[in-house]
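>>> Just a sequence and a predicted model for now, questions to come.
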Amino acid sequence: MANIFEKELEKNSVFTDRNFISPHYVPDKLPFRDSQIRDITTILSPILHGRKADNLFLYGKTGTGKTSVTKHITGQLEAFASSKNLGIECAYVNCRNHNSKYRCLIKAVHRFFPDENFLGYSASFIYDKLLEKAGAGKNLVLILDEIDKVKDVDDLVYALTRANDELGKGSINLIGISNNLLFKDRLDPRTKSSLCEKEMVFPPYNAEELSAILGERARLAFRKGSVEESAISLASAYAAQESGDARTAVMLLLRAGELSDKKSLSKVTDREVEGAKSKVEEEIILNMISTLPEQQQLVLYSIASLTLRKRPAMRRITGEEVEGVLYSGEVYDEYCVSAKKYKESVVSARWYRQYINELEMYGLIVTTASGKGVKGQTRFIKLGFDAEKIFSLLESGFGFSS
DNA sequence: CCTCCACAGGAAGCGCAGGAGT
DNA sequence: ACTCCTGCGCTTCCTGTGGAGG
């Protein structure tokens, strides 16, 4: 339901209601996630009978629908439970904002006791409050989104699972969500077995699936007939190629729509999607690098500037455009030089390799093992995105300059 | 075949900050 | 307020590895 002012604003726009195409919008229907929804529902079903369900751990890359699916299901669960007067309550905690055991518990307890303020109370008091709620016969579902961001996860999960042993009736059920596939391995084995009683992987969407999702969203958000079919296909293809990330696809279409408005066009065509692509890519990169520690930004900066510097020479040798491939060693040397220029501290080569691994995990760079034709064993490093874009973003936004 | 190169990545340990316990 | 503890970022040291070169 659009606000009347928003309607006014969108009179001459390709949009009818932009909310439907915002990245925060949780759709009613979640296509291609039927089997996940079915499985999770089955796993949660014991609590409808007042018993504890298995804890559940979901993982998959960003924009694969983990959060949306979970919110959808718990929303339905709460609605159903309240209509049947079953004592079920859910709390959603985003651990990116609540990144410690204490903060998570506060957030959750505040959800269960909305009228009370718990700031300043001790951790054990908060914990007891939670037990009190569950002990009154309630079955609580705690969703811990981005659980890998919690500093003391082991403590948190241990405390929450342990709580069930102390409860006569009622229960505390956990759903952990993470997009870090390595997260599970660094958990304490006991935490791992209790949190991951049930596990589920959310695979990336392919181009056809993205296309269907986008089509549905476009129908809700845009004026009828103002988005060309091929524009949707193109946006889906880009997103599928990049990551299989629904959020990227949605952002592409949103920005394309804005572009059409800006140019006072009545339609969104391939050209606008094309234009939006570069903008969305920039947003994604900026989003990623802005949260990076300064040293990692420096490493990335070194890779970008080396790539740019070497490119003309490589072109001269081969006579054609080549991929900007760098040796691990020369990147470290370059990093040492620029680190001395901007900060005095230079990390060791060992730790630099750790940085490289992390940058690769974020998808900012791609590395391949050196095959034949190269002496010794090293890694080839390549940027995951356009070198100029990364270079200029780091230069303008983070105070590096040549 | 052996040796060297240019790294990869594991293990141990160190200094520090911040939180818990007293 | 005081210690004690713990996690984190990092260094140092070390062993492994695959290809080049003699």
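In hand now; what should we look at?

>>> Next, name the residue at the spatial heart of chain A.
Nearest to the mean C-alpha position of chain A, by Cα atoms, centre = their mean, lies A:Thr62 at 3.7 Å.

>>> Show me the shaky parts of chain A.
A:1-2, A:6-11, A:99, A:118-122, A:151, A:181-182, A:185-189, A:312-324, A:397-399, A:401-402 (pLDDT under 70).

>>> Can I take it that the residue nearest to the centre of chain A is in a helix?
No. Assigned with DSSP: H, G, I helix; E, B strand; the rest coil, A:Thr62 falls outside any helix and is coil.

>>> Am I right that it is in contact with A:Glu242?
No. The pair A:Thr62 / A:Glu242 is not scored as a contact, 11.2 Å apart, by Cβ atoms under 8 Å. For the C-beta atoms, the positions are set from N, CA and C on the backbone; glycine is no exception.

>>> Apart from its chain neighbours, what residue comes closest to A:Ser338?
Spatial nearest neighbour of A:Ser338, excluding adjacent residues (Cβ to Cβ, 6 or more residues apart in numbering): A:Ser302 at 5.2 Å.

>>> is DNA strand B contacted by the strand or helix carrying that neighbour?
Assigned by DSSP states H and E, A:Ser302 belongs to helix A:294-318. No. Helix A:294-318 stays out of contact with DNA strand B when judged by Cβ under 7 Å from any atom of the strand, the minimum separation being 12.3 Å.

>>> Which strands and helices lie in contact with that helix?
strand A:326-327, helix A:328-342, helix A:349-361, strand A:379-383, helix A:387-398 (3 or more Cβ pairs under 8 Å, 6 or more residues apart in numbering; DSSP states H and E).

>>> what angle do that helix and helix A:349-361 make?
80 degrees (axes from the mean of the first three to the mean of the last three Cα atoms, to 10 degrees).

>>> can you list contacts of helix A:294-318?
A:289, A:292, A:321-322, A:324, A:326, A:330-331, A:334-335, A:337-339, A:342-343, A:345, A:347, A:352, A:355-356, A:358-359, A:364-365, A:381, A:383, A:387-388, A:390-391, A:394-395, A:398, A:400, A:402 (Cβ atoms under 8 Å, 6 or more residues apart in numbering).

>>> Residue numbers of chain A in contact with DNA strand C?
So far as Cβ under 7 Å from any atom of the strand goes, chain A lies against DNA strand C at A:151-152, A:293, A:295, A:345-348, A:350-351, A:354, A:371-377.

>>> Now the buried members of these.
Buried subset of the residues of chain A next to DNA strand C (neighbour count, 16 or more other Cβ atoms under 10 Å): A:Gln295, A:Val346, A:Val347.
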